[in-house]
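In: kindly return the folded structure for what I paste below:
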Amino acid sequence: MLIDTEQLEDGSLLEAKVIIAGGGMAGLLLARQLGDAGIDVLVLESGGQAQDSRVQSLYAGKMTLGGPGNAERNMDGYLIASRMRYLGGSGNVWGGKCAPLDPLDFERRDWIAHSGWPVTRASMQSFYDRACDLLGLPHFHVDAQAMTGAPEPLFAGKSSRFTARPRCYTRCSGAVANSTYHDYKLAASNHERVRIHLKANLTRIKLSADGQRVASLEVRCLNGRTHQARASTYILAMGGIENARLLMVSNDVHRSGIGNHSDWLGRAFQGHAVIEHEQQPTVMLIRSSAAMTPFDALDRGKVHIVLGVSDAAQRDLKGTNLTISMPRGIGAGSGVGVTPQAFARRLAGSKISERREAYFVIEHTPNRDSRLSLIRDELDELQMPRIRLDMRFSAAETERFTPMLTMFATELGRTEAGRLQWRNGAADLVAAMSLSRHHMGATRMAVNAKNGVVDEHCRVHGVQNLYVAGSSVFPTSGIANPTLTLLALAFRLGDHLRPRLSA
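Out: Numbers count the residues shown, from 1 in each chain. Next comes the predicted model:
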């Protein structure tokens, strides 16, 4: 059921067994999952059924992007452009690319500070499978070759430094033709156990006097009306920035914010950056176009391959995760003069050569200085402090990117596969970054409150009935698009809650 909250009488009480704040992909999945278990669920969604510039402007704030030895960039516009504030959330514009995190992403890596999840890749397999079923995708396995078949064609099994990382595309995304995402939203809004309150903005979490339980929620509408919402269990699923913002704003009992026992709230914000340049990086190959079709992203019905640095190579180099995408060919080179392409052709003794655009995606490692904070003297229309995001890449990314790229170029030559053309240096990385919409880490998961905001079951440390869903709980970002993992975690959270709520 869809309800226009602005039409309710001022001061109304909204009640259910479970309240979920946020009607995006994770929130709607949890609503359906709990509703299927016979549990009454109320979803609070800030927007309506379509995008509204007034509602979208609630995301406005200040942002900078920086890294060691790199010029800082002003990115204020990113805060509005990277999220969607209406029913379905950013799933309405998501391109549908899916992949799980790699096994190493879950492990404690001694060369990456604050790495390690309290869950393993193996323990997530069944939840990944359910997320794939939901999205109409084949199952991803820990062994990538179970999906890709023979070794990827670029190195043809001759390199242990790089490996195929499969990606798949789902039709259940708002940005693709013949999308099933409308049905995804309807499955929640039409559920007999689910009520979705549109235009309902959650502005405060009110705790019990001892701070150990959520007592109620403050809900405001842009027409000036204020309501109260009450449940036995509360789940925040408002996105990687708003989850943290609300916990920071709700400081009536805990002065530094809810769940902020060790100053992790809002910190270790992570987001994937595509590294490219106006002079597009190019891979010049001694491979036929036919051989390279697994790298093409044009056929969304097939498994798509990107190259990733192998786990063994990451350990050897003490490096971060990195992928190389070559989504389309850009034709053969002219062969005039001693170009890298002509040299590579002569090296291999082959007449076949192809040029491909390339771009690189680097893992953003957890950095306490990459953080969200509140601008307390700048309030939005709902009287909420606006957000400041200082997104910082560290030496783990800037200093290790060039050695990993050099390793790729070396492997291309060693295996007589081709050459890499790249004109940038380590000091140009921030300028060359194009940021994704992936917001991770600001309410990170950890077994104890010393190292994070939520526990291994996504419950806020110290609060018995408050949970967080979505990619803000990721301890590390890995390199895969986060949607499949956040859906898998939503299934996992639903399984954890159902027996407790049904008792």
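
In: let me see the contact set for R32.
Out: R32 makes contacts with 187-188, 191, 194, as judged by C-beta atoms under 8 Å, 6 or more residues apart in numbering. C-beta: built from backbone N, CA, C; applies to glycine.

In: what helix or strand is it on?
Out: Element membership for R32, per DSSP states H and E: helix 25-36.

In: again with S373
Out: Per DSSP H and E: strand 371-379 holds S373.

In: tell me the helices and strands packed up against that strand.
Out: Using 3 or more C-beta pairs under 8 Å, 6 or more residues apart in numbering; DSSP states H and E as the contact test, the elements touching strand 371-379 are strand 61-66, helix 242-249, strand 385-392.

In: between strand 61-66 and it, find me the angle.
Out: 150 degrees (axes from the mean of the first three to the mean of the last three C-alpha atoms, to 10 degrees).

In: contacts for strand 371-379 next, please.
Out: Strand 371-379 has contacts (C-beta under 8 Å, 6+ apart) with 61-62, 241, 244-245, 248-249, 266-269, 385-390, 392, 442.

In: please enumerate the strands of the stretch 401-503 of the chain.
Out: 418-421, 433-435, 466-468 (DSSP state E, counting those that start in this stretch).

In: just these: most buried one?
Out: Ranked by mean neighbour count under mean count of other C-beta atoms under 10 Å, the strands of the stretch 401-503 of the chain are led by strand 466-468, which reaches a mean of 25.

In: got the contact list for the closest residue in space to R356 that isn't next to it in sequence?
Out: Nearest non-adjacent residue to R356, counting by C-beta to C-beta, 6 or more residues apart in numbering: M326, 4.2 Å away. By C-beta under 8 Å, 6+ apart, M326 lies in contact with 283, 292, 295, 307, 356-358.

In: if we can go back for a sec, okay if I get the strands of the stretch 401-503 of the chain as JSON lines plus mean pLDDT?
Out: Compiled in JSON lines, the strands of the stretch 401-503 of the chain are given as follows (pLDDT from 0 to 100):
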{"stretch": "strand 418-421", "mean pLDDT": "87"}
{"stretch": "strand 433-435", "mean pLDDT": "89"}
{"stretch": "strand 466-468", "mean pLDDT": "98"}
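
In: which one of those strands lies closest to N451?
Out: Closest to N451 of the strands of the stretch 401-503 of the chain, according to C-beta to C-beta: strand 466-468, at 15.3 Å.

In: what lies in contact with that closest one?
Out: 205, 214, 233-237, 243, 258-259, 443, 453-454, 457-460, 493, 497.

In: how about 10 Å then?
Out: Contact with strand 466-468 is made by 18, 20-21, 26, 30, 205, 207, 212-214, 233-238, 243-244, 246-247, 250, 258-259, 442-445, 453-455, 457-460, 473, 489, 493, 496-497, as judged by C-beta atoms under 10 Å, 6 or more residues apart in numbering.

In: out of these, which are buried?
Out: Buried by 16 or more other C-beta atoms under 10 Å: 18, 20-21, 26, 30, 205, 207, 214, 233-238, 243-244, 246-247, 250, 258-259, 442-445, 453-455, 458-460, 473, 489, 493, 497, out of these.

In: on that earlier part again, highest neighbour count among the contacts of R32?
Out: Neighbour counts for the contacts of R32 (other C-beta atoms under 10 Å) peak at V194, which has 26 neighbours.

In: who's it bridged to?
Out: V194 has these beta-bridge partners by DSSP bridges: V41.

In: is it in contact with E45, as I believe?
Out: No. Counting by C-beta atoms under 10 Å, V194 does not reach E45; the two are 11.6 Å apart.

In: find residues that contact each of these two.
Out: 2, 20, 28.

In: can you put the residues you listed in a markdown table and add distance to K97 and pLDDT?
Out: As requested, those are arranged in a markdown table below (distance: C-beta to C-beta, whole Å; pLDDT from 0 to 100):
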| residue | distance to K97 | pLDDT |
| --- | --- | --- |
| L2 | 29 | 97 |
| I20 | 25 | 98 |
| L28 | 20 | 98 |
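
In: in JSON lines: the contacts of R32, plus secondary structure and distance to S160.
Out: Formatted as JSON lines, the contacts of R32 follow (DSSP: H, G, I helix; E, B strand; the rest coil; distance: C-beta to C-beta, whole Å):
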{"residue": "A187", "secondary structure": "helix", "distance to S160": "44"}
{"residue": "A188", "secondary structure": "helix", "distance to S160": "45"}
{"residue": "H191", "secondary structure": "coil", "distance to S160": "49"}
{"residue": "V194", "secondary structure": "strand", "distance to S160": "49"}
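
In: where in this protein is pLDDT low?
Out: 277-280, 331-352, 503 (pLDDT under 70).

In: if we go to 80?
Out: 142-146, 148-150, 276-281, 287-288, 298, 328-354, 423-426, 503 (pLDDT under 80).

In: now the helices: where do they sit in it?
Out: Along the chain, counting by DSSP state H, helices occupy 25-36, 53-56, 78-81, 125-135, 145-148, 181-189, 242-249, 311-317, 340-348, 395-414, 483-502.

In: residue contacts, S46?
Out: Applying C-beta under 10 Å, 6+ apart, the residues near S46 are 5, 21-23, 52, 55-56, 58-59, 85-87, 89, 197-203, 219-222, 238, 242, 382.

In: just the buried ones from those residues, in ChimeraX syntax?
Out: Applied in ChimeraX, the following selects the buried portion of those according to 16+ other C-beta under 10 Å:
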select :5,21,22,23,55,56,58,59,85,86,87,89,197,198,199,200,201,202,203,219,220,221,222,238,242,382
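
In: ok, L412 - contacts?
Out: With the criterion set at C-beta under 10 Å, 6+ apart, L412 makes contact with 154-155, 159, 162, 283-286, 340, 344, 418-420.

In: and the residue lying closest to L135 once chain neighbours are set aside, how many residues sit next to it?
Out: For L135, ignoring the flanking residues on the chain, the nearest one in space by C-beta to C-beta, 6+ apart is T170 at 3.9 Å. Counted with other C-beta under 10 Å, the neighbours of T170 add up to 23.

In: ok, L198 touching E6?
Out: Yes. Using C-beta under 10 Å, L198 makes contact with E6 at a distance of 8.3 Å.

In: and for the two, which residues touch both?
Out: Shared contacts of L198 and E6, counting by C-beta under 10 Å, 6+ apart, come down to 48, 221.
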